[in-house]
Structures are given as C-alpha cells and as structure tokens.
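1. 3D model of this:
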Amino acid sequence: MTAMEVNPLCRFNQKDDPVYKDSALEAFLNFDLKNPDKGYLNFEMNANGAMLSEFGMYHNRKKIKDLISESAVCEAAVNETNWQVLLKIPMELINNLYQRGPLKSGEIFSCNFYKISQDPAMEHYASYAPVMSKVPNFHLPEYFEKAVIL
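-> You can find the predicted model right below:
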C-alpha cells in the first residue's frame, strides 16, 4: 500500500502500538464469508513499520499474538513524495485463525483498505470502498468489498 504523503506522523515503533494515532495505512480482511461473525483480521501500519494486528469483531477483537504464534510482517519505506508498506501474512496465520485449509484460487473473501490519522492536528480518514457511517468507523464489515484469490 502507498500513501501519497510527505513527512508522515510516525511516533510509534513497537508491535501492537496504537499506530492509528499516527498517520497509518490499514488492511481489514475477512476469509470466512459463511460465518462473518467469526471476525476479520485488521492490520494497522505506520511509516516506521510498527503494526497493530488484531482479529475478531469490532467490540470483541483480540491481539493476534494473544491467539496464535504466527504473525504477519510489515516492511515500511519512506520516499521523497510518499511512504509505503508491504504486508506479508503467512498462510498458517489465516488457516489457524479461521480454522480452515489454505486459500485456493477462485475463493472469495472481503476486505477494505484505509488511510487514517486520529491525531487532532492532522485528523483524516479515507477508504478504498465507501463506508456509510455518520462518524468515521472502519470496523464495519458490511462495507467491505468482495475480492477473489488469484
């Protein structure tokens, strides 16, 4: 993911820090559309490569590290006119959290991607797929878009 942003706010450096208070890019993914209440993965990343990783539903999410031993990896880079993150999610993480086998070509999942900062000095919100809520809230799976595994 790439943010066309110069000098992003990036105060947090540790795993599971509240990076949404910085300038952050987020990926929310649900790999079980038959049981949507099982939850979704949310990965929130800043330009330092710090990443908050959780699984569950909005009011009942848990840190992934408290659920399983596998973890995703975030690689971040800051360039002259933008910053970007590369998110690597091990298949074992998805398999264990969703209690399923490996993803296959043609399978459908749902997702949304976000740009956010909750810092009052630069508060902003953007999403790949529209989120029709009165107050900014990206934790609404009903606004995730469908995608296909290639």
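2. report the secondary structure state of H59.
-> Classification of H59 using DSSP: H, G, I helix; E, B strand; the rest coil returns helix.
3. buried residues in the helix or strand bottoming out on mean pLDDT in the chain?
-> Across the helices and strands of the chain, mean pLDDT, DSSP states H and E gives its lowest value to strand 124-127, namely a mean of 92. Applying a neighbour-count criterion of 16 or more other CB atoms under 10 Å, one finds S127 buried in strand 124-127. (Each C-beta comes from the backbone N, C-alpha and C, glycine too.)
4. need the strands for the protein, in chain order.
-> Secondary structure of the chain (DSSP state E): strands located at 2-3, 24-30, 40-46, 51-56, 62-63, 73-78, 83-88, 108-117, 124-127, 145-148.
5. contacts for the second one next, please.
-> In this case it means strand 24-30. Applying CB atoms under 8 Å, 6 or more residues apart in numbering, the contact partners of strand 24-30 are 1, 3, 20, 36, 39-46, 85, 87, 89, 109-117, 138-139, 141, 144.
6. phi and psi next, for the residue lying closest to N96 once chain neighbours are set aside.
-> For N96, ignoring the flanking residues on the chain, the nearest one in space by CB to CB, 6 or more residues apart in numbering is I68 at 4.7 Å. Backbone torsions of I68, given as degrees, to the nearest 10, read phi -150, psi 170.
7. can I assume I68 is in contact with Q99?
-> No: using CB atoms under 8 Å, I68 is not in contact with Q99; the gap is 10.8 Å.
8. what about L52, how many residues close to it?
-> When neighbours are defined as other CB atoms under 10 Å, L52 has 22 of them.
9. contacting residues for the residue nearest to it when sequence neighbours are not counted?
-> Leaving aside its sequence neighbours, L52 sits nearest to E44 (CB to CB, 6+ apart; 4.3 Å). Residues in contact with E44 (CB under 8 Å, 6+ apart) are 19-20, 24-26, 51-53, 116.
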